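[1] I'll drop the sequence and a predicted model, then ask my questions.
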Amino acid sequence: MNSWVPIIYRGFWDVPRIFLFQFQNKQFLFDCAFSEELDDYPDDFQVFLMPSNLLDTELPTDWTELEGMALCHLGTIPVKMTRFDPTLRKQVDAAIVESLIPETAPVR
């Protein structure tokens, strides 16, 4: 089943490389930062649970700082398994995170 949700993102190389979205009353950060060691982007997104009440005005200008705001690291998801809308810029199929969603999320 598809669970298409809107994303907000910064950084794009073939697909958004860092983006946020809300799903099942939780906010998620997908991050796939450029690796100097690989001289390329890794094959996996790092997935983080973010504070659910995070406002747009609270987002840092430099999104590389978002990981520091995360409640916890949930795991990794292959970039190639992440389904985006045809524009690759508006929506993601959030169903992919269902297996990573903790039963009880930490409160912050």
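    Nice, thanks for sending it over. Residues are numbered from 1 along each chain as shown.
[2] For I18, report the pLDDT, please.
    We have a pLDDT of 95 for I18.
[3] In terms of helices and strands, where is it?
    Assigned by DSSP states H and E, I18 falls within strand 15-23.
[4] in the protein, which segments are predicted with low confidence?
    Along the chain, segments meeting pLDDT under 70 span 1, 102-108.
[5] hey, where'd the strands end up in it?
    For the chain, the strands defined by DSSP state E occupy 4-6, 8-13, 15-23, 26-31, 44-50, 72-78, 91-93.
[6] Between those, which one is closest to T61.
    strand 8-13 (9.6 Å; Cβ to Cβ). From N, CA and C alone the C-beta is placed, and that goes for glycine too.
[7] Report the strands that pair with that closest one, each with its relative direction.
    Neighbouring strands of strand 8-13 in its sheet, by DSSP bridges, are strand 15-23 (antiparallel).
[8] For the partner strand, buried residues please.
    Neighbour counts over strand 15-23 (16 or more other Cβ atoms under 10 Å) mark 15-23 as buried.
[9] Stretch 56-70 too?
    For stretch 56-70, a neighbour-count test (16+ other Cβ under 10 Å) marks 59, 63, 66, 70 as buried.
[10] distance between it and the chain's centre?
    Distance of stretch 56-70 from its chain centroid, counting by Cα atoms, centre = their mean, to the nearest Å, is 12 Å.
[11] Numbering from 376 from now on, please.
    With 376 as the first residue, the last one maps to stretch 431-445.
[12] gap between the two ends of that stretch?
    15 Å (Cα to Cα, to the nearest Å).
[13] Tell me which residue is most central in this protein.
    Centrality entry for the chain: nearest residue to the mean C-alpha point is F405, 2.0 Å, by Cα atoms, centre = their mean.
[14] Could you pull up the residues touching that one?
    By Cβ atoms under 8 Å, 6 or more residues apart in numbering, the residues touching F405 are 391, 393-396, 420-422, 452, 457, 467.
[15] now do D418
    Residues in contact with D418 (Cβ under 8 Å, 6+ apart) are 453-455.
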